[in-house]
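Using only what follows, build the 3D model:
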Amino acid sequence: QVQLVESGGGSVQAGGSLRLSCQASGSIFSFKSMGWYRPVPGRWRDLVSSIDRRGTTNYEEDVKGRLTITKDMDGNTVHLHMTNLKPEDTGVYYCKRTENGPERDYDYWGQGTQVTVFA
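Numbers count the residues shown, from 1 in each chain. Model (predicted):
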């Protein structure tokens, strides 16, 4: 099993910044990717940003230029640097880690951290 501990959420005025962190522990043998997801009405969770083992990043269109995802050298912790935040960024952000398995990938989720941006 893999455990994910998220931190860094909070309340901030529009235009402000936050940094979310997600640390993985447990059976972390074959890191494939880690990322942040957010619930969207009518859907479960949409990708906000992700980073893979090689450092390749992915961003939702609306956050490009404002959010930056990074990972520590060991690949066990990722950070989401959030700048110029907007009220529409408000939500619970969930960290997900994907591990390569012998036959399939395994996804693990954190408990979520709340981000609130007020005008």
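
from here on, contacts and neighbour counts on C-alpha atoms
OK.

Kindly state the beta-bridge partners for the spatially most central residue of the chain.
By Cα atoms, centre = their mean, the chain has its centre lying nearest to residue 36, at 2.2 Å. Using DSSP bridges, the bridge partners assigned to residue 36 are residue 49, residue 95.

hang on, residue 110 packs against residue 21?
No - in this structure residue 110 lies outside contact range of residue 21 using Cα atoms under 8 Å: 11.0 Å.

quick one on the thing from earlier: distance check, the residue nearest to the centre of the chain against residue 87.
Distance of residue 36 to residue 87, computed by Cα to Cα, to the nearest Å: 18 Å.

do the same with residue 21
For residue 21, the distance to residue 87 - Cα to Cα - is 20 Å.

the more surrounded of the two?
residue 21 (22 against 15; other Cα atoms under 10 Å).

Can you tell me the SS state at the nearest residue to residue 52 once chain neighbours are set aside?
Counting by Cα to Cα, 6 or more residues apart in numbering, residue 52 lies nearest to residue 33, which is 4.0 Å off, once chain neighbours are set aside. Under DSSP: H, G, I helix; E, B strand; the rest coil, residue 33 falls in the strand class.

Confirm for me that residue 33 is in contact with residue 105.
No - with contact defined as Cα under 8 Å, residue 33 does not count as touching residue 105 (10.3 Å).

what do these two both touch?
The contact sets of residue 33 and residue 105 overlap at 98, 99 (Cα atoms under 8 Å, 6 or more residues apart in numbering).

With adjacent residues omitted, what lies nearest to residue 59?
Per Cα to Cα, 6+ apart, closest to residue 59 is residue 49, 4.4 Å.

scratch that, residue 2
In space, residue 2 is closest to residue 26, 4.7 Å off (Cα to Cα, 6+ apart).
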